[in-house]
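# Predicted model and sequence below, questions to follow.
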Amino acid sequence: MKYIDTIKRAGRSLKNAKARTLLTSLAIGVGAFTITLSLAAGEGGKSYTDSIVNANTSRTELLVTQKQPPASQGPQEYNPQAVSGAAGAGSSTQIAFLSQANLDTITQLDHVKSVTPNYNPNVRYITSEANKKFVVDAIAAFSSSVTGTYAAGSVEGGLSDTEIVIPEEYSKALGFANASDAIGKTVSLQADKLSSPVTAPQSKAFDYTVKAVSSKSGLAFRTQTSVQLSAEANRELYTYINEGTRAYGNFLLAAVEIDDASKANDVKTVLEGKGFEAQTAEDLLGTVNTFINVLLGIVIGFGALAVLTSVFGIINTQYISVLERTQQIGLMKALGMRRRDVGRLFKLEAAWIGFLGGAIGAGLAVIAGTIANPFISEALDLGDISLLSFNPLAVAGVVIGLMLVAVASGILPARKASKLDPIEALRTE
Amino acid sequence: MTYGKKQNAFVALEDINFTIPDGASVAILGKSGSGKSTLMHAMSGLDRPEQGQVIIDGQDILTLKEKQIDKFRANKIGFIFQSFFVQANETVSDNVSLPLEIADVSWGERKKKIHAALESVDLLDKIGNKAKNLSGGQKQRLAVARAIVNEPQIIFADEPTGNLDSVTGEKVEDMLFGYNKENGVTLIIVTHDPDLAAKCDMQINIKDGRIESIRDTNTGKTIVATVTDAEESK
């Protein structure tokens, strides 16, 4: 018997038992729905984390700290490069800093383009012509390789040493009508010189032109409330504030820019060999990725469970079908249909059920996902990112996979059908 | 012919020995339980007795492998059953197409053959109808079409008119005998109806698994044994 004829006959048999076919395939459809959505979420999650990487850091950037002494009980030996701090009851810890000598060492390493310490200048307040004063959470160094989202203005071409990027919330608070109104205006940061005597405190206002206003992004960790200045402007501020203090020239953190993203791990190894601790972009997002993968694993597990349940549904349905169609099977065998073809007929019926279930489930998943995407993005504040991204190949893979599962579950009933004795089957009472 | 294995072996048919000429119409007569259906199953290769020979075209079909027997049935045998066994949910055309699909007949050929078969049983106008919408007589005619569509050498008919009233039964009988005469196809009818048997060239009476008598209808001569048909006619 030709394959195409068997497929057609299998399809017709199912059409004659529409309700049963549909219900059986719905069971497998639940699995298809869950698995398709999980795969879409996995795909979306991957691009989501990618966007997070780009919004916060760069793949060519490593964050380096001095190797920290282990926190231990009891008194610790004094480390001239460290600052003591309490780390819970009964123990004390010292935080080791990077010295200028350390930074120079790092600069000498292969693949390292530049080393920018995290100046983190601590200013007193930010103000504008409206003369309102606000506390600044943090001042970050602008990096062109980090993708930001901007409510107004643009940072293309970089940030000069007299320009500033302020968060959207500050633009309103500082008295500008809206974000675009702030562009080109002057704001100033008031910095105190720490080494000045208490009796004669020195303070200075640093003026900057607003180049852009950063907007809130669901992805960025640091652009939300921090003001951004160029690295050089950061250094100027830092120098003014800290020069002459003991802490001057010691940094907790430095950003190491390398020339090749694929060398990030090599550079990390070298740095660790020299007594530093380094984190690559992947390290930073490792926890996020692990979390997403665990969640996906759970959801796919549920989908697999649904598929497993539907396997028994298919076996049951096909067994009943064989019993019901004993005469038909007997006739086909009497007419010379071979065992293999009879078995194939029932396996193909199972395949049809799998295809139907897979197509229904995956189709509904695509529809539901497409509808839900904007709402999810809005609820999670993801901007333009779709958390559920459907890959046609993956969807097709799910459908084909479920067809194979269905065929596998059809093997037992098919064997029963192929072993039927035509004489017994055609005996009429 | 012996059935079953080892200690379960039993003899269903014994001392059955006859020859059917090509193109003849033969009735196998007997009461239920006499072994006439078993004989038909053995002759058509549906059943496989432990001992005995069924020689068709010089070939003992009992020595064939299962695959070859399937092929033999698909290409050389047509079946008609008392309960029709047409597929109610399928169309007339799909019902007739089944033996052709099994025998791997090409698409173009199939269409022609289906048309010819339906035409000869006078069902061409019902070609697209579902079989369940046919009357009993039409269903059996459909079964006849299915039996002849692949131009078999032998047609086995198991009580072909058993479920039909006499008028429609006669119509089906006429079709079968007409096809038998016109195409020289061997027709083997299993029945307990002596009137139907009387229309055949040859009548084989079976009782308790043995041949009671073989009679040539045309000459009226009894070839084997001598027993009156009186008790059969009840």
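Happy to help now that I have it.

# Would you mind giving the domain segments of chain A?
As given by automatic domain parsing, the domain ranges for chain A are A:3-54+A:287-426, A:59-279.

# Averaged pLDDT, the last one. What do you get?
The pLDDT scores in domain A:59-279 average 82.

# follow-up on the earlier one: how about CSV for the domains of chain A, with distance to B:Gly30 and mean neighbour count added?
Backbone N, C-alpha and C define where each C-beta goes, glycine included. Shown next, in CSV, are the domains of chain A (distance: least, CB to CB, whole Å; neighbours: other CB atoms under 10 Å in any protein chain shown):
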stretch, distance to B:Gly30, mean neighbour count
domain A:3-54+A:287-426, 17, 19
domain A:59-279, 87, 16
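
# So which of these is nearest chain B?
Closest approach to chain B among these (CB to the nearest CB): domain A:3-54+A:287-426, 2.8 Å.

# Which residue is it, in chain B, that comes closest to chain A?
B:Ala74 (2.8 Å).

# which stretch of helix or strand covers that residue?
Following DSSP states H and E, one finds B:Ala74 within helix B:66-76.

# Give me the contact list for that helix.
Under the contact criterion CB atoms under 8 Å, 6 or more residues apart in numbering or on different chains, helix B:66-76 has outside partners A:333-339, B:44-46, B:56, B:61, B:64, B:99, B:102-103, B:150, B:152-154.

# and if you look at stretch A:283-301?
Stretch A:283-301 has contacts (CB under 8 Å, 6+ apart) with A:34-35, A:37-39, A:41-42, A:45, A:48-49, A:52-53, A:56-57, A:63.

# could you redo the last one with a cut-off of 10 Å?
For stretch A:283-301, contacts defined as CB atoms under 10 Å, 6 or more residues apart in numbering or on different chains pick out A:34-35, A:37-39, A:41-42, A:44-46, A:48-50, A:52-53, A:56-57, A:61-63, A:221, A:264-265, A:268, A:279-280, A:282.

# three-state assignment of A:Val342?
Under the three-state scheme (DSSP: H, G, I helix; E, B strand; the rest coil), A:Val342 adopts helix.

# quick one: contacts for it?
A:Val342 makes contacts with A:1, A:6, A:322, A:329, A:332-333, A:414-415, A:417-420, as judged by CB under 10 Å, 6+ apart.

# cool, and A:Ala350?
A:10, A:14, A:24, A:311, A:314-315, A:317-318, A:321, A:403, A:405-411, A:413-414.

# So for the helix holding B:Ala74, mean pLDDT?
Helix B:66-76 comes out with an average pLDDT of 92.

# Downstream of that helix, the next helix or strand is which one?
Downstream of helix B:66-76, the first helix or strand assigned by DSSP H and E is strand B:77-80.

# ok, residue 63 - contacts?
I went with chain A, as the question did not name one. A:57, A:118, A:253-256, A:277-281, A:283-284.

# that's the wrong chain, I wanted chain B
B:53-55, B:69.

# One more: A:Ser99?
Neighbouring residues of A:Ser99 by CB under 10 Å, 6+ apart: A:66, A:81, A:105, A:117, A:249-251.
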